[in-house]
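Participant: Structure of the sequence below:
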Amino acid sequence: MNQKYNYTCISGGHTMEIKVGTIRCVHQALVANGYHVSENALRQWVRSGKIPSTHSGNTAYISYDIVISYLTKLTA
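Facilitator: Numbering: from 1, shown residues only. Below is the predicted model of the structure:
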């Protein structure tokens, strides 16, 4: 991801790092890691609610790890 957002969540004494980015950034990371998915497909999955997102203005932010999980379920 060119523009990477890492958030550290602390809940119940456990720490977890979450990789989050814009749809475009997550798409670029997926392609760089050998996943063949279009940016448009990611946008459609976000719009339909298949991939959860949070928005700031018109910009949607998604979790890289959640997208990987979704893609894994599609191919299983």
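Participant: so where is the protein shaky, pLDDT-wise?
Facilitator: Applying pLDDT under 70 to the chain flags residues 1-18.
Participant: Longest helix in it, by number of residues?
Facilitator: Counting residues, the longest helix found in the chain (DSSP state H) is helix 64-75.
Participant: May I see the buried residues of that helix?
Facilitator: By neighbour count on 16 or more other CB atoms under 10 Å, the buried set for helix 64-75 is Tyr64, Ile66, Val67, Ile68, Tyr70, Leu71. Where C-beta positions appear, they are placed from N, C-alpha and C, glycine not excepted.
Participant: can you redo those residues as TSV with distance to Ser48?
Facilitator: Formatted as TSV, the buried residues of helix 64-75 follow (distance: CB to CB, whole Å):
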residue	distance to Ser48
Tyr64	19
Ile66	14
Val67	14
Ile68	18
Tyr70	11
Leu71	15
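Participant: Of those, just say which sits nearest to Glu39.
Facilitator: Val67 (11.6 Å; CB to CB).
Participant: What residues does that closest one make contact with?
Facilitator: By CB atoms under 8 Å, 6 or more residues apart in numbering, the residues touching Val67 are Val26, Leu30, Leu42, Ile51.
Participant: which pair in those spans the largest distance?
Facilitator: So, the contacts of Val67 by CB to CB: farthest apart are Leu30 and Ile51, at 11.9 Å.
Participant: quick one: Gln28 and Tyr70, what's the gap?
Facilitator: 17 Å (CB to CB, to the nearest Å).
Participant: cool, and His55?
Facilitator: For His55 relative to Tyr70 (CB to CB), the value is 18 Å.
Participant: Likewise for Asn58?
Facilitator: In terms of CB to CB, Asn58 sits 22 Å off from Tyr70.
Participant: Repeat that for Ala60.
Facilitator: 15 Å.
Participant: Considering the contacts of Val67, which possesses the most neighbours?
Facilitator: Val26 (27 neighbours; other CB atoms under 10 Å).
Participant: Mind listing what's buried along the strand or helix carrying that one?
Facilitator: Secondary-structure assignment from DSSP states H and E places Val26 in helix 23-32. Neighbour-count burial for helix 23-32, counted by 16+ other CB under 10 Å, picks out Ile23, Arg24, Cys25, Val26, His27, Gln28, Ala29, Leu30.
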